[in-house]
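Asks: what's the 3D shape of this:
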Amino acid sequence: MLEDIIRESSLAEEFRDEGIVVGMRDGLRVVLETRFGPLDEKMLAAIQQLPGADLHELIALSAKGTLEEVRQRLGLS
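Replies: Numbers count the residues shown, from 1 in each chain. Below is the predicted model of the structure:
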């Protein structure tokens with residue numbers, strides 16, 4: 001019963017969605033650091049500000065693009 005209430009709760013849904021976004025931001029950071037080394041503070045801050053809708057595209061770009069392309073997409077160039 002309690003599980004059903006939690007599952008149907010809009011607040012619980014928001015928490016799940018935010019958890020997904022946090023995980024995607026962390027994954028993006030890991031991919032970038034693996035490919036390019038430590039990231040500067042501006043880049044880390046820009047990643048934290050990314051809306052969830054932009055993360056899929058940026059994760060794909062970070063896996064195949066250049067660091068400059070990623071920085072441009074983040075508005076840092």
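Asks: drop to CA atoms for contacts and neighbour counts, all remaining ones
Replies: Noted.
Asks: spatially central residue for this structure, please.
Replies: Central residue of the chain (CA atoms, centre = their mean): Arg25, 2.3 Å from the mean position.
Asks: that one contacts Ile47, correct?
Replies: Yes. The criterion here is CA atoms under 8 Å, and Arg25 meets it with Ile47 at 6.5 Å.
Asks: and stretch 58-69, what's buried?
Replies: 58-59, 61-62, 69 (16 or more other CA atoms under 10 Å).
Asks: which helices and strands does the helix or strand where the residue nearest to the centre of the chain lies pack with?
Replies: Element membership of Arg25, judged by DSSP states H and E, is helix 10-36. Packing partners of helix 10-36 (3 or more CA pairs under 8 Å, 6 or more residues apart in numbering; DSSP states H and E): helix 41-49, helix 52-64.
Asks: rewinding a little: now do the same contact list for the residue nearest to the centre of the chain.
Replies: The contact partners of Arg25, by CA atoms under 8 Å, 6 or more residues apart in numbering, come to 47-48, 55.
Asks: thanks a lot, see you next time.
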